[in-house]
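Novice: build me a model:
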Amino acid sequence: MTRVLIAEDQGMVRGALASLLSLEEDFEVVAQVSRGDEVLDAARSAQPDVALLDIEMPGASGLDAAAALRRAMPGCRILILTTFGRPGYLRRAMEGGADGFLLKDAPASELAAAIRRAVAGERVVDPGLAAAALSQGDSPLTPREHEVLAASRGHATVAQLADALYLSPGTVRNHLSSAMQKLDARNRAEAVRVAEERGWL
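Specialist: Numbers count the residues shown, from 1 in each chain. As a prediction, the model looks like this:
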């Protein structure tokens, strides 16, 4: 019997996943959580063979939860199950120790098959997404450019951004300008959008 943990912040989706997997004779859902920062404690308590993790959850992202789970319980197989088919997310998930990356709009039968393949030691990745990730490459942003661009989503002006990051306005402008150039974006908002679409933010 394969023991499964489900981490998904939307109650209806979490319940539907649990119900679908319970229909399979060889699966048992042993834990369900709604927050990324609950994954590790739940996994330690329930000792699942497989963890299904959504990416966007309160508390911690599924990518962060995957990395923590990989360090704490290396024997647990980790599958990222997400709405967001972004190549950058796929790369980050695999680098963080995930064993698979699946899209939520895939048929339910594919999920069961993917879990069985992961338990057997295979890497399970949506083929189209894998090809896109390979062709797109790594994020061109430096760690500081990433920090400034990510922070710019919540701050309206360069002065506010500079205050929040303890940088000078000129330094913030330079990092934003460099990020926009690398992302071929006309403005800050477009740079954020491009980076988010590619899973780099």
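Novice: CA only for contacts and neighbour counts going forward, please
Specialist: Fine.
Novice: for the residue of the chain positioned farthest from its centre, helix, strand, or coil?
Specialist: Largest separation from the mean C-alpha position in the chain: residue 170, at 32.5 Å (C-alpha atoms, centre = their mean). Assigned with DSSP: H, G, I helix; E, B strand; the rest coil, residue 170 falls in the helix class.
Novice: so how far is residue 199 from it?
Specialist: From residue 170 over to residue 199 the distance is 27 Å, taken as C-alpha to C-alpha, to the nearest Å.
Novice: again with residue 45
Specialist: Taking C-alpha to C-alpha, one finds residue 45 at 31 Å from residue 199.
Novice: show me which of the two is the more surrounded one.
Specialist: For residue 45 versus residue 199, neighbours defined as other C-alpha atoms under 10 Å are more numerous around residue 199 (19 against 11).
Novice: where does this protein have its least confident helix or strand?
Specialist: helix 127-136 (a mean of 61; mean pLDDT, DSSP states H and E).
Novice: which neighbouring elements make contact with the helix or strand containing residue 92?
Specialist: Secondary structure from DSSP states H and E places residue 92 in helix 87-95. Here helix 87-95 touches helix 62-72, strand 100-103, helix 127-136, going by 3 or more C-alpha pairs under 8 Å, 6 or more residues apart in numbering; DSSP states H and E.
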